[in-house]
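**Q** just coords:
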């Protein structure tokens, strides 16, 4: 999810794998394998020799791939010890078929953003439950009409300040534990990562527009003047290019900044 004051959008112009340098493709494959294996912050990566054999490339290419991931902040080296995964590497899977792989852009959750920047979060769950998907929701999420849909509305805070009202909808079959999770304290993306198999948001369609808040939004977001809201709509896809999450987020306009990298 693009996030307050440091929002990044995955470019819409997709590249085939062959259009990316070999070392970038190896870096992406390595990060995919790390994510699939459930590696944790501080875990050591295999040696350059082992990675060279695994991916059938030279050690020069492996070293370039490792340096690429280090530049993105995903891994770090320790003299005479090797390469180790950072916290960012455990939170930020890359899209293997996107120019995001070359730029380091990623789909990031609200809690992930807060943890990265040392911000305190608080969540009020306004409503949550499972219901049948409507025809329109089924079309967007590529599921059958009436299929079980997990739906949730939350009020999110950063350092005690209300920032956003989120409306999340996800196919329950991709992560059945959603229905039994207390999202007052739990992270949505962390819950998705713990599913079997892990459900990792890899790429997203994202749009945003400004408007005046309605009466309920004014009350929830504590707006007492003419501050507008920014309405962000996101459809995130998993590693199999299957729709994973449809979210509408309504931000206070004075507590949210949208930044984008635009490509052809």
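**A** Yes, it's here. Everything numeric in this text was worked out from a predicted model, so none of it was measured. Numbers count the residues shown, from 1 in each chain.

**Q** Who are the contact partners of the spatially closest residue to residue 212 that is not a sequence neighbour?
**A** Leaving out its chain neighbours, the residue that sits closest to residue 212 by CB to CB, 6 or more residues apart in numbering is residue 228, at 5.8 Å. To be clear about C-beta, it is placed using only N, CA and C from the backbone, and glycine gets the same treatment. Residue 228 makes contact with 210-213, 253, according to CB atoms under 8 Å, 6 or more residues apart in numbering.

**Q** Check which residues of the helix or strand where residue 156 lies are buried.
**A** Using DSSP states H and E, residue 156 sits within strand 148-158. Buried residues in strand 148-158, counted by 16 or more other CB atoms under 10 Å: 149-152, 154-158.

**Q** What segments of the chain are helices?
**A** Along the chain, counting by DSSP state H, helices occupy 22-36, 48-55, 59-71, 87-91, 100-103, 110-117, 135-141, 188-193, 215-220.

**Q** And the ones you listed: which comes nearest residue 249?
**A** For those, proximity to residue 249 was assessed by CB to CB; helix 110-117 is nearest, at 8.6 Å.

**Q** What is the distance between that closest one and the centre of its chain?
**A** In terms of CA atoms, centre = their mean, to the nearest Å, the centre of helix 110-117 is set 11 Å apart from its chain centre.

**Q** How about stretch 43-53?
**A** That offset, for stretch 43-53, works out to 26 Å (CA atoms, centre = their mean).

**Q** Please enumerate residues in contact with it?
**A** With CB under 8 Å, 6+ apart as the test, stretch 43-53 has contacts from 30, 34, 54, 58-59, 61-63, 65-66, 75, 81-85.

**Q** and with 6 Å instead?
**A** Here stretch 43-53 makes contact (CB atoms under 6 Å, 6 or more residues apart in numbering) with 59, 62, 82-85.

**Q** and the gap between the closest residue to residue 254 other than its chain neighbours and residue 126?
**A** Nearest residue to residue 254, sequence neighbours excluded (CB to CB, 6+ apart): residue 227, at 5.3 Å. As for residue 227, its distance to residue 126 is 20 Å (criterion: CB to CB, to the nearest Å).

**Q** residues in contact with residue 165?
**A** Contacts for residue 165 (CB under 6 Å, 6+ apart) come out as 155, 220, 250.

**Q** do residue 187 as well
**A** Residue 187 neighbours (CB under 6 Å, 6+ apart): residue 111.

**Q** Among the contacts of residue 228, name the ones in strands.
**A** Using DSSP state E, the subset of those located in strands is 210-211.

**Q** export the contacts of residue 228 to TSV and tack on neighbour count, distance to residue 22 and pLDDT?
**A** Formatted as TSV, the contacts of residue 228 follow (neighbours: other CB atoms under 10 Å; distance: CB to CB, whole Å; pLDDT from 0 to 100):
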residue	neighbour count	distance to residue 22	pLDDT
210	11	43	95
211	12	46	96
212	12	51	96
213	20	49	97
253	18	44	92
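
**Q** ok, of the contacts of residue 228, which one's closest to residue 177?
**A** Residue 177 lies nearest to residue 213 out of these, by CB to CB, at 33.2 Å.

**Q** Hmm, residue 229 and that closest one touching each other?
**A** Yes: under the criterion of CB atoms under 6 Å, residue 213 makes contact with residue 229 at 4.6 Å.

**Q** Residue 236 is nearest to which of the helices of the chain?
**A** Judged by CB to CB, the one of the helices of the chain that comes nearest to residue 236 is helix 188-193, at 9.4 Å.

**Q** Can you tell me which of the contacts of stretch 43-53 comes closest to residue 244?
**A** Closest approach to residue 244 among those (CB to CB): residue 85, at 23.4 Å.
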